[in-house]
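A.B. asks: Coordinates for the following, if possible.
(chains A, B, C and D, ligands or ions: 4)
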Amino acid sequence: MKTASAPRASETDRPTDGARPPHRLPFWVNQRLGLLVLIVALAAVFGLLRPAFFDERLVLFPLLRDIATLTVVALAQMVVLSVGHMNLAVGRMAAFGALFAGFGYDRLGLSLPMGLVLCLLAGCAIGALTGWIIARAGVSSFVVTLAMDFALLGLVSLLYSALTENAAFTTRPDGLTELRSASLADICLGPVCGSPAVPQIAQFTLLAVIGLGFLYTRTRMGRELLLTGANPNAAELSGIPTGRRIILAHALSGLLAALAGFMAAVGTGTFRASIGEDFMLPSFLGAVLGGTLLTGGVVSVVGALLGTALVGVIRKGLDLLGVGLESLNIYLGCVLLLALSADRVRTVVSYRKVVRST
Amino acid sequence: MNDVLLECDDIVKVFPGVRALDGVGLRLTAGSVHALLGENGAGKSTLIKVITGVHAPDGGRLLQAGRELRLHSPLDAAHAGIGVVHQERNLIPGFSVAENITLQNPPSRRGLVDREAMTAPARRCLAELGLDIDPHRPVRELSVAQQQLVEIAKALHTESRVLLLDEPTASLSPQEAERLFDVVRRLTARGTCVVFVSHKLEEVFTICDTVTVLRDGRSVLESAPLAEYTQDDVVTLMVGRAHAVTAMPPRPVDTSAMPALSLTGVSTASGHRDISLDVRPGEIVGLYGLVGAGRSELVKAVLGLDRITGGHVRVHGKRAKIGSPRQALHQYGIGYLTENRKEEGVFLEQPILRNITVTVWQKLAKALGYISSRRERDVAQDLVERLGIRISGLAQNAGELSGGNQQKVSLSKWLAADTRLLVVDEPTVGVDVRTKHAFHELIWELARGGLPILLISSDLAEMVTLADRVVVMADHRIRGEVDNDHDYDRMSGRIIRIIHDHDDAVVPAEGASS
Amino acid sequence: MTRLQDRRAAALPALRRYSRSTTATLLGVVVAGCVVLGIASSGSFFEGPSVRTFLQYVATPILIGLAQMVALCVGQLNLSVGALGGFSACLMGVLMADTGVPAGLAVLIGVLTATLIGLLTGVFIIATRINGFIVTLGTMTILLGAQYRLSGTRTIDEYSAALRDLGRAAPLNIPLVFVTALAAAALLAAFIRRTVVGRRLLAAGGNPLAARLSGISTDRQIVLAHTLSGLLIGIAALTATASLPGVNRSVGGDWLLPSFAAPIIGGVALTGGSVAVFGTVLAAFVMRLIDTARAQFSLDPSWVNFLIGVVVLGTVVGGRIHQSHLEKKGKATGGPPPAPPADGTGPATALAPTGGAR
Amino acid sequence: TVKNSGDTGPAGNAPAKRGGGTAELADGSGVKIALVPGGAHPYFQPWKRAGADAKKRLGLGDVTFDETAEWDQQKQNDLLSTLAARGYNAFGIFGVSPTDINTTFADLKSQGFAVASLASCPAGGKNAADFCLSTDVELAAYKAARATIDAMGGQGRLVHLTGNNVDANTQRRIKGVKKAVQETGGKVTLLQTITDIDKDLQTAQKAVSDLIASKGPQIQGIVSTSYNPAVAAAEAVRESGSKAKVVAIDDDAKILSSVKNGSVSATVVQNPVGQADIGAWVLALLQSKQCTMKQPGVTIDSGSFVVTKKNVADYDDARKAKTAQLKKKFADEYLSCG
Ligand SMILES: Nc1ncnc2c1ncn2[C@@H]1O[C@H](COP(=O)(O)OP(=O)(O)OP(=O)(O)O)[C@@H](O)[C@H]1O
Ligand SMILES: Nc1ncnc2c1ncn2[C@@H]1O[C@H](COP(=O)(O)OP(=O)(O)OP(=O)(O)O)[C@@H](O)[C@H]1O
Ligand SMILES: [Mg+2]
Ligand SMILES: [Mg+2]
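C.D. replies: Numbering: from 1, shown residues only, chains lettered A, B, ... in the order given. Ligands and ions are numbered 1, 2, ... in the order given. Have a look, this model is predicted:
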């Protein structure tokens, strides 16, 4: 059905996580590879301009910690995008989850892992509720998650105001401070220790990436999620329980959002209402940059990680160059668009080559 | 009358991984009907898209009246007097029929569209095809076949010297097709050249004068007079070797068995009244009717996609309340191949692999829902080979396949899922001769194995080949029933009579049975 | 055949009714809301100053909602609504206050700049084939930077008194800015319904491939949509500059979400091909009613947010349950071809094929 | 507003001399100070000039002003470590999240940097920075409310406009205003506290207009403890001809001009110049190891002043005097040098 002679987005962006790469296209046409190359190239440029870019403790560690958190946020969005929906309440679901963790630590005296479990359960529950409403009512996910965003925005502030003095739970369970600052350097196998650049909190991200990667490439659920997103009518007619898959996607999204909220709280120190306020745009940006289609049916787990990393690296580099606020955003936007246009040239050239070689 | 209107010279078109056209030539003369034939994926639609400016050719040139013609967009083609009906329906769902028909050059005054002025020409084009629909209705409310006709009406509206019809009759019944041929004859009499693509060779031989046959993107026969060839010659050219039609082994039906699906006095929200119908194990029941008769709607209602307002549905003797196709599949084992492949059949932007295996995941899944990609691929590969689907890899997107191959993909998922009752709605739309035979054999074999099959088809020949009995529907009611004696002419006569006699109150069922 | 025609004649109005039901619901909500507020304020809600205040602030949501609607119409999202609006407003302010450009000229430059930026965004999208979502996110970032560079942290207010007077003028208590917004809405509705160019725009959104095959350049429509979107944002910026106490870097800060909310609540599908000018206007009214209610009942914003969310979610679920109840009773006749339940995207998207540059 | 910086130099040096030379910075060339506000806001703009002046005057290695934190604690943390990587070794910080900022301070301290909490102190009474030099947020709000009550003539109904509800500083402001209202013993009542309207000017304007449209006649005073609502309130009150008195906070040019034209009765000015000026000086002393804090984590009020039409011309003198006095106090009481 493709009619454009130039490659269209869907032709060249097709990520490979969900399926094997179309074997007729060589590996370097892969979009994720393009992102990786961009990231490495930008890091090299920034490293040359400011050698401090490779400072493990002061630059790479926080950078990776940020990427770790925002990747989970992007994954939370990606999961709903896979069924062709959106979750405008990602940030608020993160705050909602973090509220429960904070409450658990502060009032119930839970241990670190138990609090996390409570947080994830809360996120999953609110996500499932959202999904249920969407599936049941058949109303656009945009409207429902927007309404959910409002409801949670109000609820979370009300609960914090009622339960705390300064709109934050400040009790810290044992291990929280360590989790925040621990890196692989704290894990040693005999004399060999890991890199101090890699934060331990990234383990959650790793788990999420592997879990979702497995889900989307290897399992029935993952495939059914994608097909539900690709064409809900055809999916329903093919015997896929689309309603249940929609609920599943939203529940997973809530769970991941809550995980991100927990990670954000660990990163800054307390469980507060403002967690997740700025999650919405990065969630879309990371996912979409990575090759996930807003129209559903195509996701890329690794892409979400790379997309998030690209933005993180650009921002970090600009910070290191000491770009002030009056130029920061201008450069940020320009670098992003230029980098992507450059990558687009690569894709077009590679596509032409493939066509010529056929 | 023998002036050449358009000439293709050594056209090449390459997609990543396939040379869809590899040096194709074509000469179109005024006042002729030119058949463009070839198996699924041979490159017919691609050639048409090159001629209409959708694809830029990677080699070769187009000549119009001896001068080279460069097309940069479909609009250029329209300006050059080339009209087209593409294989896939391409209408704007939210626009009215009239507006779709006049989309190319809407009547307007000073930039303002003139809605009144578009109804008259739209009515005229529709009337030419004998189609009676309100031009103000949005096309999303029309049935697939009606949309197909609107698409043709749209092409008629742009009065062109060269008219390319890519499988226009695929989902039409012979009666509608005949109307179309009248139109085609009128056009050629005016000096238009019509290019006609079809897999129904009978049609081709009734109306075409010249023929080009494509195989694997090459023209194996170029602009030759059709009269010099027989149907078998053409098939041999298309397939590349002699194509023998195997006779189907006899298949007895136990008429006393309990019906697998039985409708009694069913009426639906979409207007069906008093529908009674039985399908027994091992039986192929044909459901025939003109475009818009309500066959597809009836099945959809049975599958829970529309409300049943009266009567009973029994599956294997038990009263059934089916709420969704999913329930139909998993609880009652009913598979439904939709007629609307583009919107409900295939997942265009998804790999072929997933398109085929979607119905079997539940069976393949092990602990944690893990699906071994090897086994999945085996299932798909097996079907791809059985149906001869032309793909460049299982990971290719279904949307990149030729129309007929998409249909096969849509079909194969129901063959993969072993269901206890199969409903197939226009199963061989756009499927080439060889595969159609293969498919007929497959259906036949399934039925021989005891599977009850409800076959909805506008292809009367297909009905006559496969069905045990044909139930005729018109205007949302069952008008009669004919036992199949596998004689095309006799059958078509009887069926037409039933359809046209329905004003005379109830027509007694011809033949026998229920 | 006659029976068939009868049936059709009966089905037609029913279908029309269905397609307009969103608008009808919204109209009902607006009327009911006004009545409730009127009673609660013991009539003062209908007095001159209240009416004026009410209408004064409907203008912005209408204009930005329409701007977003035009982009949605061709299946694009415009994330730079707020940033572009804020930037144009600051540009007008700076031109008048700092460089002494006469008000008329400054306003013209501002609106034209917004239009031009919209045009460039569109051109960039089709030239690079990068997802419009990412591109507008990029332009959003750049424009935010530019806005800050123009205005810094100050509030620019030393500009034309005449412009401000116009911004506040309200003959018969109908503010001019509101009239401007309504005029824009009417013109836009006429443009899309009546002109050939407008129909092309809608066709390209409804089925990009079909439009292309009918000789309509989808690329051109995308550029046109972004340009129009820019123009409407420019007008929104103009009304903001005229009616605000001054312009600063916060202007446009909360336009993004309302710009989506208005058209989507008004019945526009995210997938393109549908417009609902009246629905968008009504949705803007609904959102404004909530503001007013908040002031009228001295509600705590947390409670307001919570209640909005819960009420919308409740209505969504309740409405659907009610509808299926009706269907069971067989009262709904001649409804549209049934979409599979729980496809989550509503009937409008059920048929809209995906594809095209989004 | 910082035209006084020329003479703060001598004023700054004076107490140092009296301290026996010990509090006078010997060599600041190794000290690189970063002044990091929570994000862009008019309040922090004086830091830029004051920081640059301090650099010149004290001969510091560098002083930078970086507002790219964008009101996000995580971004601010990242920014701080990036600044550390760029070689900055002393930090004057306005923490985005008062409940989280101690963690950040502790991080920086543990890496051997001098840290000052400027313009806001961590929530919860504990301060992990070397010192906190800030206006008491609650006190400033209290003063603003008092000023409003005075302007209202000691009775009537008051509305409080402020920013993000779930922010520790907002909660403190609300407390401050409530306290002032309570002290009137019922003569003044707090009609409403409207939160979450500082995000942008249009929201603020809409909220204020709605308020005046629905409750206009009942309101005698409006106190705004954040920027955008103050701008909006001044305008709305003048427009609608309401008799309500508006009291704002901070001394952005727009607010000052409103004070001058009478649409704002008073504004409570804090002391950002002093914060940056003294902050930089003390940070340099601490980072160069010339001095230590006698009592680490001590909180010092940088002062707040009510500015009305009467003293709008010369309120800066009072602020300067307060700054000089603070310097002396630092040299005499808080620092132990040598
Ligand atoms: N956009 C595309 N991208 C990649 N391959 C394509 C694309 N369009 C067509 N092809 C390939 O080109 C070949 C020719 O396809 P075409 O649609 O012309 O076949 P056809 O002769 O019309 O077949 P059918 O009878 O099934 O309609 C097929 O192998 C098809 O897979
Ligand atoms: N009385 C009617 N009023 C309105 N629409 C009708 C009426 N009768 C038929 N139609 C239209 O015709 C369609 C009937 O479609 P259905 O798909 O069931 O027919 P069919 O017998 O399968 O024929 P085909 O699919 O070949 O058109 C309906 O979808 C509807 O759009
Ligand atoms: Mg074809
Ligand atoms: Mg049908």
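A.B. asks: and stretch B:281-288, C-alpha only, in CSV?
C.D. replies: Taking C-alpha atoms only, stretch B:281-288 is exported to CSV below (Å, rounded to 0.1, in the frame of the first residue of the first chain):
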residue,chain,number,x,y,z
PRO,B,281,-21.1,-30.8,9.5
GLY,B,282,-19.3,-31.4,6.3
GLU,B,283,-21.6,-29.2,4.3
ILE,B,284,-20.8,-26.1,2.3
VAL,B,285,-23.7,-23.8,2.3
GLY,B,286,-23.5,-20.9,-0.2
LEU,B,287,-25.2,-17.6,0.6
TYR,B,288,-25.7,-15.6,-2.5
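A.B. asks: do that stretch and ligand 2 meet at all?
C.D. replies: No: contact of stretch B:281-288 with ligand 2 (CB under 6 Å from any ligand atom) is absent, the minimum separation being 8.2 Å. Every residue, glycine included, has its C-beta placed from N, CA and C.
A.B. asks: Give me the distance from that stretch to the chain's centre.
C.D. replies: With CA atoms, centre = their mean, to the nearest Å as the basis, stretch B:281-288 stands 19 Å off its chain's centre.
A.B. asks: could you pull out the helices for the stretch 301-450 of chain B?
C.D. replies: Along the stretch 301-450 of chain B, counting by DSSP state H, counting those that start in this stretch, helices occupy B:325-332, B:352-357, B:361-364, B:373-387, B:403-416, B:433-448.
A.B. asks: which residues make contact with the shortest one from outside it?
C.D. replies: In this case it means helix B:361-364. For helix B:361-364, the external contacting residues (CB atoms under 8 Å, 6 or more residues apart in numbering or on different chains) are A:220, A:223-224, A:239, B:330, B:357, B:371-372, B:375-376, B:379.
A.B. asks: are any of the residues you listed buried, and which?
C.D. replies: A:220, A:223-224, A:239, B:357, B:371, B:376, B:379 (16 or more other CB atoms under 10 Å in any protein chain shown).
A.B. asks: Phi, psi for B:Met258 please.
C.D. replies: Main-chain dihedrals, B:Met258, degrees, to the nearest 10: phi -70, psi 130.
A.B. asks: wait, isn't B:Val14 in contact with B:Asp58?
C.D. replies: Yes: the criterion here is CB atoms under 8 Å, and B:Val14 meets it with B:Asp58 at 4.9 Å.
A.B. asks: between those two, what contacts are shared?
C.D. replies: Residues touching both B:Val14 and B:Asp58 (CB under 8 Å, 6+ apart) are A:Val355.
A.B. asks: For the stretch 201-350 of chain B, which residue gets nearest to chain D?
C.D. replies: Relative to chain D, the nearest point of the stretch 201-350 of chain B is B:Glu349 (36.2 Å; CB to the nearest CB).
A.B. asks: ignore the last one, the stretch 301-450 of chain B
C.D. replies: Closest point on the stretch 301-450 of chain B to chain D, by CB to the nearest CB, is B:Leu368, at 34.5 Å.
A.B. asks: Return the distance of that residue relative to D:Gly241.
C.D. replies: The gap separating B:Leu368 from D:Gly241 is 71 Å, by CB to CB, to the nearest Å.
A.B. asks: neighbour count winner among these two?
C.D. replies: Each of B:Leu368 and D:Gly241 has its neighbours counted (other CB atoms under 10 Å in any protein chain shown); B:Leu368 has more, 12 against 8.
A.B. asks: leaving aside the residues next to it on the chain, what's closest to the more buried one?
C.D. replies: Leaving aside its chain neighbours, B:Leu368 sits nearest to A:Thr219 (6.5 Å; criterion: CB to CB, 6 or more residues apart in numbering or on different chains).
A.B. asks: Thought B:Tyr370 was touching that neighbour, still the case?
C.D. replies: Yes: between A:Thr219 and B:Tyr370 there is a contact at 5.7 Å, judged by CB under 8 Å.
A.B. asks: Specify which residue of these two has the higher count of neighbours.
C.D. replies: Higher neighbour count among A:Thr219 and B:Tyr370: A:Thr219, with 18 against 13, using other CB under 10 Å.
A.B. asks: where along chain D do the helices fall?
C.D. replies: D:5-18, D:45-58, D:73-85, D:101-110, D:137-151, D:168-183, D:201-215, D:227-240, D:253-261, D:272-287, D:315-329 (DSSP state H).
A.B. asks: How about the contacts made by B:Arg241?
C.D. replies: Counting by CB under 8 Å, 6+ apart, B:Arg241 makes contact with nothing.
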